[in-house]
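**Student:** From the sequence below, what's the structure:
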Amino acid sequence: MPSILHFPRPRTFLHLISLRTATEFIAFTLAINKVTGLYGILALLTGYHLNPLQLSHYIYSLAVLALVCYLSPAIRQRDGDGVLKTLALAWLYVLDSVVNSVYTSLFGTGWFLILAQHLNEGTPVTGGVPGAGTMNATAGFTSPEHSVSQVDVIAAPGSGVLAGQEAVAFASGDGSGGTLGSVLFERGSIASIMVLGLLWLIRIYFCIIVLSFARSTVRQYIASTSTSTTATGSGYTQTDDPTMAESPFRAGGAREEGAGWRGGLGRLMLRFPSRRYWLGRDESEEEWVRATEGRFGGGGGGRGLRVKVPTGESVASGVGERERRARSGTGPPVPLVVGSKGMVPQ
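**Tutor:** So this is what the prediction gives:
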């Protein structure tokens, strides 16, 4: 498969900070975001009415907040329990992004339909949209219900004995708006959609960062606990496929991490986006090994740096050469010591 189709595997956050620091920051922002669920539940105690969509979102936010507080300390752990929790934290952030996109889509759809309804009176476009009633009741700038650009007054002779006129006023629109498409393409709506798109691009990049950190944590744990390692220390000889490392959550293996429901959860999380993403050998690792062997191992036919480690014979010959030069007087000067007669040779 071409490398351009590989799932992204960044090693730093914007080439500025480490993945661990970035993951800690992302987990902190997620916790701050979910604190809003606590305020939503407190609103119930004041008698505020919440629709089912709002209530479900607040309860969900509290559950995610509890999980983040439980899993975040594992970012700095390097044992099997820390690896499992780091994986769970990464997938929690990814799943939360998906759930938040659904809530945002429902809210945005209801909001734009409410605007379209107020621009086009008599068209019940908000029917069946979750939360539309609450947004319509609490949005202050959608009142009054009649939105017009001008008022036309038509006068006609009044009936009766006395002379007079009867006037009828009716609203006239400016010819713009009235449909969902016209609302979406307004200047303010386009700006809102662009901001939402930018925020979701950032959220997707954050997902890639937390998954990359979890991947590096899994691979470091495999390398540190593997019984037989290769030149890269990644333990790729543990499986039938030399390009795949042994899963730390393998069922029936020697590792205790693969037992019970925790092992099943770990194996499930390592299936997506693919097992090769988590356990496969990187091409960059192979290139690094070849370059290292060419420079320091004396092989490969390259013109890299050659480093010779002195053997026993060369060390012995070196000692003999120093002794010969010392006896012939061509060696380094003898250090002097301070005595009663001044500086004398030691």
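
**Student:** mind listing the strands for the stretch 1-150 of the chain?
**Tutor:** Using DSSP state E, counting those that start in this stretch, the strands of the stretch 1-150 of the chain run over residues 12-13, 17-18, 150-157.

**Student:** The first one pairs with which strands, and in what direction?
**Tutor:** In the sheet containing strand 12-13, the strands it pairs with under DSSP bridges are strand 17-18 (antiparallel).

**Student:** Identify the residues contacting the partner strand?
**Tutor:** Strand 17-18 has contacts (CB atoms under 8 Å, 6 or more residues apart in numbering) with T12. Any C-beta I mention is one placed from the backbone N, CA and C, and that applies to glycine too.

**Student:** oh, and call the first residue 53 from now on, that's how I've got it
**Tutor:** Happy to do that; since the first residue is 53 now, the last one works out to strand 69-70.

**Student:** before we move on, back to that, and the strands of the stretch 53-202 of the chain, which one's lowest on average pLDDT?
**Tutor:** Lowest mean pLDDT within the strands of the stretch 53-202 of the chain: strand 202-209, a mean of 60.

**Student:** so where is this protein shaky, pLDDT-wise?
**Tutor:** 53-57, 169-240, 279-292, 305-306, 335-374, 376-398 (pLDDT under 70).

**Student:** let's see it at 80
**Tutor:** 53-58, 100-101, 160-241, 278-295, 304-308, 334-398 (pLDDT under 80).

**Student:** Domain ranges for it, per the record?
**Tutor:** 61-190+226-263, 278-346 (automatic domain parsing).

**Student:** Report the contact partners of G134.
**Tutor:** Residues near G134 by CB under 8 Å, 6+ apart: 126-128, 269.

**Student:** so P325 touches F59, yeah?
**Tutor:** Yes - counting by CB atoms under 8 Å, P325 does reach F59; the two are 5.1 Å apart.

**Student:** ok, the two, which is more surrounded?
**Tutor:** More neighbours surround F59 than the other of P325 and F59, with 13 against 10 (other CB atoms under 10 Å).

**Student:** Contact partners for the more buried one?
**Tutor:** Counted by CB under 8 Å, 6+ apart, F59 has contacts 325-326, 329.

**Student:** Which one, of the domains of the chain, ends up nearest to E375?
**Tutor:** Minimum separation from E375 across these (CB to CB) falls at domain 278-346, 37.7 Å.

**Student:** And the buried ones among the contacts of G134, selectable in PyMOL?
**Tutor:** Selection of buried members from the contacts of G134 for PyMOL, criterion 16 or more other CB atoms under 10 Å:
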select buried, resi 126+127+269
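
**Student:** Identify the farthest-apart pair in the contacts of G134.
**Tutor:** Distance extremes for the contacts of G134: the farthest pair is R128 and T269 at 10.2 Å, using CB to CB.

**Student:** A126 versus the nearest residue to G132 once chain neighbours are set aside, what's the distance?
**Tutor:** Leaving aside its chain neighbours, G132 sits nearest to E309 (4.2 Å; criterion: CB to CB, 6 or more residues apart in numbering). E309 sits 14 Å away from A126, going by CB to CB, to the nearest Å.

**Student:** repeat for L102
**Tutor:** 34 Å.

**Student:** next one: Y112
**Tutor:** Per CB to CB, Y112 is found 22 Å from A126.

**Student:** Equivalent analysis for N103, please.
**Tutor:** Per CB to CB, N103 is found 36 Å from A126.

**Student:** coming back round to it: quick one: which of the contacts of F59 is nearest to L71?
**Tutor:** Among the contacts of F59, Y329 lies closest to L71 (CB to CB), at 15.0 Å.

**Student:** wait, the closest one sits on S268?
**Tutor:** No - if you go by CB under 8 Å, Y329 and S268 don't touch, sitting 11.8 Å apart.

**Student:** For the stretch 103-252 of the chain, just list every one of the helices.
**Tutor:** 104-123, 132-171, 184-190, 232-236, 239-277 (DSSP state H, counting those that start in this stretch).

**Student:** Fine by me, we can end here.
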